[in-house]
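*Asks:* Predicted model and sequence below, questions to follow.
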Amino acid sequence: MLRNRIYYGLKPFIPQSFRTAIRRKVALRLRHRIGSVWPIAPGSERRPQDWPGWPGNKKFALVLTHDVESATGLRKCRELMQLEMDAGFRSSFNFVPEGDYRLPPELREELAQNGFEIGIHDLKHDGRLYQSRREFSQRAQRINHYLAEWGAVGFRSAFMLHELDWLHELNIQYDASTFDTDPFEPQPEGHHTIFPLWIPHFSPPSGEADRSSRNSLSRNCGDQLSTVSSSSGGYVELPYTLPQDSTLFVLLQEKTPAIWLRKLDWIAQHGGMALVLTHPDYMVSSGSDRKSGEYPIQLYRQLLDYIHDKYSGDYWFALPKEIAAYARQIVSRPVAGLNGTRPEQLLTYRLETGSNSTDQKYAAADNKWRLRGKRAAVLLFSYYPADPRPRRAAEALVMEGVTVDLVCLQSNQDEPRREIINGVNVFRIPMKRHRGGKTRYIGQYSTFILRSFFHLAFRSAIRKYQFVHVHNMPDVLVFSALVPKAFGAKVILDLHDPVPELMQTIFELPEKSFSVRLLKRLEKWSIGFADLVLTVNLACKKIYTSRSCPPEKINVVLNSPEDDIFRFQPPGPQTSNGEKPTKPFVILYHGSLVRRNGFDLAVDALEAARKSIPTAKLRVCGERSAFFEEVMESVQQRGLHENVEYLGVKNRKQVVDAINSCDIGVIPNHRNTFTEINTPTRIFEYLALGKPVIAPRTQGIRDYFGDEELIFFDVGDANDLARKIEFAFSNPGEVGQIVERGQQVYLAHKWSREKSNLLNPISDLL
């Protein structure tokens, strides 16, 4: 990264006190924006598939490590060693072989005799280890020399800089240069796991030798560390999972170990690995004069006492090399039912989180993990994280190790202009989207395109992007990526909606009007500019390939809800068997309250259905609109106000609650050009939670669902919608069978599967 090269080039000429002061100021400002990912990153507690637990059935693992950066730190090693021995602990000391000090052989031997481990900490600790592949290879030879001389098997880079593929040149059994989450580091992208990672080394396929440096896989877990070098198969990555002492006490100036203790409790609760990284360089004994940039060693002692007092007997205390050995042992175990599988495929199968299916192919997973360490920009003329498709895509990229900078709109002045949300770096442009006429749309789009263009142009000068992911609308937003593309970035255009068809629907334009023909031309130019095109369903792909691009350029990524939010559950018992109802029969509408989505049809159907279902009740979720107010006024006039309940705007988890409390969902679309090709995500949300759903009989839905897999109504027909509501009420057994069949379609397209349709084409492109 250019800024890192500049910083480490100037670093020797900048006084330590000045560097610390600047870093402290930046860290304190950053802290206010990262509450959602630090010190705990949601999702990093997920256990690897087939995880057997820790030896001795211990609750969690504990690993203590120290990096000795300077001669000052070297002088404090014996004091720290004695403190740990008195408390009943042992740790790993990582030394710099060619830094501003030399490790005395007698200290190394003393540590080893007392049960401590010795590791290598970079080569020179100058931030230049990864300046170029050629320079790294030269330094790797020196590092391997010290590994052999010191009898060391572990490595950690200076400043947590890392290129995990390159480390296969080292004769190591584990590396410890990464973390689960640490936005304060120069390379802030974390691995988002509190478990060991396996970094295998594969020989490149025939004809792909030039890509060998990119073809490593990272997977949660590991195996028995026989005395083999990494080049024979791979190495274990041990991310530190408690914040560094330098971050807590030097930069953030914490006065207590409270953050350490809170994170430790969370790791223990989830059975992970509590790996601690401290620096004797910054520790000061009790009673000693403390300088700026130092902290009392007693804070570290408080952590050890807390562990001993609260978790005695509950944790597996191990040196890093012992954790790596155990991790290798797990990877090497055979997996039943995979006869004939290559060892590389076996690793992928075993360590693919969130899937029990053998259809996780080695090639696909290998492609996906090429994304680790890449940098991406994302553009959307919408709000984040409110817009679900960009949110799912951005978070999926972050989970694969991509650093994501996302540019979007600012919904209100209280929303921060910049923040980190679940690992995504969000930049908000202070403008709000307003619905209106064609002139307003053109004005808003033009302003956002220009501001996005200059934002990416500036960012590209200091941060090289490997790809730019642009979400329409509008299609021409893709041209904001002109500068990154000129610097070599690939451009991905994600077409949520066919703009000509959508504008036809909104403004009731004739198909052959000048505006529609112009929009089709802009669509073709935009697709031509992009290197890869994604879209939401088969119906949209047919439209684009018929007029704008060849089929091989466009991939379908269906809008499926997140599995971990909409957790699958079988159909529950229905509330009625056709007898006289005794409690409300709840019908749910959730989504955008615009005319084409048919909230008015749902009200009309409710009025008709109440003749046979007196307790029928319609609940509504969504943001108020002029159309909504118009319909609610008619609700009052028809005396239905007690039967229509507005729940307001709901987040994903609140939508789950609303669906769980309903009897049936409705998607009451009007018939128009746009709804004919749409495949509403809401269908999958209802099915995931085991609820029946009534959907319009349109092409975008029938591409995926047959007549026996959904309850269909004739699109735009309120009377037919009412009849289907009555059918669902009177035939709960048959409806339950329809839901079960519909759920099979959902399972074939759930997000954990659709995600690969996003990640694999992108990795193939790079």
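*Replies:* Happy to help now that I have it.

*Asks:* Excluding sequence neighbours, find me the nearest residue to residue 498.
*Replies:* Of all residues not flanking residue 498 in the chain, residue 543 sits nearest, at 5.4 Å (Cβ to Cβ, 6 or more residues apart in numbering). From N, CA and C alone the C-beta is placed, and that goes for glycine too.

*Asks:* host element of that neighbour?
*Replies:* Per DSSP states H and E, residue 543 falls inside helix 538-547.

*Asks:* For that helix, the averaged confidence score.
*Replies:* On average, the pLDDT along helix 538-547 is 94.

*Asks:* Setting aside sequence neighbours, what's the nearest residue to residue 262?
*Replies:* What sits nearest to residue 262 in space, not counting adjacent residues and going by Cβ to Cβ, 6+ apart, is residue 39, at 7.3 Å.

*Asks:* same thing with residue 507?
*Replies:* Setting aside the residues directly before and after it, residue 507 is nearest to residue 438 in space (Cβ to Cβ, 6+ apart), at 6.6 Å.

*Asks:* which ones are touching the residue nearest the centre of the chain?
*Replies:* Centroid-nearest residue in the chain: residue 395, 2.9 Å away (criterion: Cα atoms, centre = their mean). Residue 395 sits next to 422-424 when contact means Cβ atoms under 8 Å, 6 or more residues apart in numbering.

*Asks:* I figured residue 605 hits residue 721, correct?
*Replies:* Yes: contact criterion Cβ atoms under 8 Å: residue 605 and residue 721 qualify, at 4.0 Å.

*Asks:* before we move on, the earlier item: now the contacts of residue 395 in JSON lines, with distance to residue 142?
*Replies:* Listed next are the contacts of residue 395 as JSON lines, based on distance: Cβ to Cβ, whole Å:
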{"residue": "422", "distance to residue 142": "40"}
{"residue": "423", "distance to residue 142": "35"}
{"residue": "424", "distance to residue 142": "38"}
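
*Asks:* Considering the residues you listed, which is situated nearest to residue 752?
*Replies:* The shortest approach to residue 752 among the contacts of residue 395 belongs to residue 422, at 16.8 Å (Cβ to Cβ).

*Asks:* Any idea how many residues pack against the closest one?
*Replies:* The number of residues packed near residue 422 is 18, by other Cβ atoms under 10 Å.

*Asks:* Once you drop chain neighbours, what's closest to it?
*Replies:* Closest residue to residue 422 apart from its sequence neighbours, by Cβ to Cβ, 6+ apart: residue 395 at 5.4 Å.

*Asks:* Just the pLDDT for that neighbour.
*Replies:* On pLDDT, residue 395 comes in at 90.

*Asks:* For residue 321, which non-adjacent residue is closest in space?
*Replies:* In this structure, residue 321 finds its nearest non-sequential neighbour in residue 153, 5.3 Å apart by Cβ to Cβ, 6+ apart.

*Asks:* longest single strand anywhere in the protein?
*Replies:* Criterion DSSP state E: the longest strand present in the chain is strand 60-68.

*Asks:* Please name every helix or strand in contact with that strand.
*Replies:* Packing partners of strand 60-68 (3 or more Cβ pairs under 8 Å, 6 or more residues apart in numbering; DSSP states H and E): helix 77-87, strand 92-95, strand 117-121, helix 258-270, strand 273-278, strand 315-317, helix 320-332.

*Asks:* That one pairs with which strands?
*Replies:* Here strand 60-68 has these sheet partners by DSSP bridges: strand 92-95 (parallel), strand 273-278 (parallel), strand 315-317 (parallel).

*Asks:* In CSV: the ones you listed, plus mean pLDDT, mean neighbour count and distance to residue 660.
*Replies:* Shown next, in CSV, are the strands paired with strand 60-68 (pLDDT from 0 to 100; neighbours: other Cβ atoms under 10 Å; distance: least, Cβ to Cβ, whole Å):
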stretch, mean pLDDT, mean neighbour count, distance to residue 660
strand 92-95, 98, 25, 48
strand 273-278, 98, 24, 35
strand 315-317, 96, 20, 38
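
*Asks:* Output those in a markdown table, with distance to residue 508 appended to each entry.
*Replies:* Shown next, in a markdown table, are these (distance: least, Cβ to Cβ, whole Å):
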| stretch | distance to residue 508 |
| --- | --- |
| strand 92-95 | 69 |
| strand 273-278 | 60 |
| strand 315-317 | 67 |
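
*Asks:* For residue 305, pull up the helix or strand it's in.
*Replies:* helix 298-311.

*Asks:* Next, work out how far apart residue 138 and residue 131 are.
*Replies:* Distance of residue 138 to residue 131, given as Cβ to Cβ, to the nearest Å: 11 Å.

*Asks:* Neighbour count for these two, which is higher?
*Replies:* residue 131 (16 against 11).

*Asks:* circling back to that earlier point, list the contacts of the helix holding residue 543.
*Replies:* 495, 497-498, 501, 520, 523-524, 527, 533, 535, 551, 554, 556, 676-679, 699-700, 703-704.

*Asks:* quick revisit: angle of the longest strand of the chain against helix 298-311?
*Replies:* Calculated by axes from the mean of the first three to the mean of the last three Cα atoms, to 10 degrees, strand 60-68 forms an angle of 170 degrees with helix 298-311.

*Asks:* What is the subsequent helix or strand relative to strand 60-68?
*Replies:* Downstream of strand 60-68, the next assigned helix or strand under DSSP H and E is helix 71-75.

*Asks:* Among the contacts of residue 395, which are located in strands?
*Replies:* residue 424.

*Asks:* With respect to residue 252, which of the contacts of residue 395 is nearest?
*Replies:* Nearest to residue 252 among the contacts of residue 395 is residue 423, at 19.9 Å by Cβ to Cβ.

*Asks:* circling back to that earlier point, moving C-terminal of the helix holding residue 543, what's the next helix or strand?
*Replies:* Sequence-wise, the next helix or strand downstream of helix 538-547 (DSSP H and E) is strand 554-556.

*Asks:* I'd guess residue 199 is in a strand, am I close?
*Replies:* Yes: assessed by DSSP: H, G, I helix; E, B strand; the rest coil, residue 199 belongs to a strand.

*Asks:* hmm, back to that, wait, is the residue nearest to the centre of the chain part of a helix?
*Replies:* Yes: under the criterion used here (three-state DSSP), residue 395 sits inside a helix.

*Asks:* what about it, distance to residue 384?
*Replies:* Distance, residue 395 to residue 384, using Cβ to Cβ: 11 Å.

*Asks:* Next: residue 419.
*Replies:* Distance from residue 419 to residue 384, by Cβ to Cβ: 10 Å.

*Asks:* Name the residues contacting each of these two.
*Replies:* residue 426.

*Asks:* so where's the stretch 301-450 of the chain uncertain?
*Replies:* Applying pLDDT under 70 to the stretch 301-450 of the chain flags residues 332-370, 435-436.

*Asks:* Do you have the helices of it handy? List them.
*Replies:* In the stretch 301-450 of the chain, helices defined by DSSP state H, counting those that start in this stretch lie at 320-332, 343-351, 362-368, 388-399, 438-462, listed in chain order.

*Asks:* quick one: strands adjacent to the next helix-or-strand element following the last one?
*Replies:* When you say that, I think you mean helix 438-462. On the C-terminal side of helix 438-462, the closest following helix or strand by DSSP H and E is strand 467-471. In the sheet, strand 467-471 lines up against strand 375-380 (parallel), strand 490-495 (parallel) (DSSP bridges).

*Asks:* Buried residues, the helix or strand that comes right after the last one. List them.
*Replies:* Scanning forward in sequence from strand 490-495, with DSSP H and E defining helices and strands, the next element found is helix 499-507. Residues of helix 499-507 classed as buried: 499-506 (neighbour count, 16 or more other Cβ atoms under 10 Å).

*Asks:* Now do helix 499-507: which elements does it pack against?
*Replies:* For helix 499-507, the packing partners by 3+ Cβ pairs under 8 Å, 6+ apart come out as helix 514-529.
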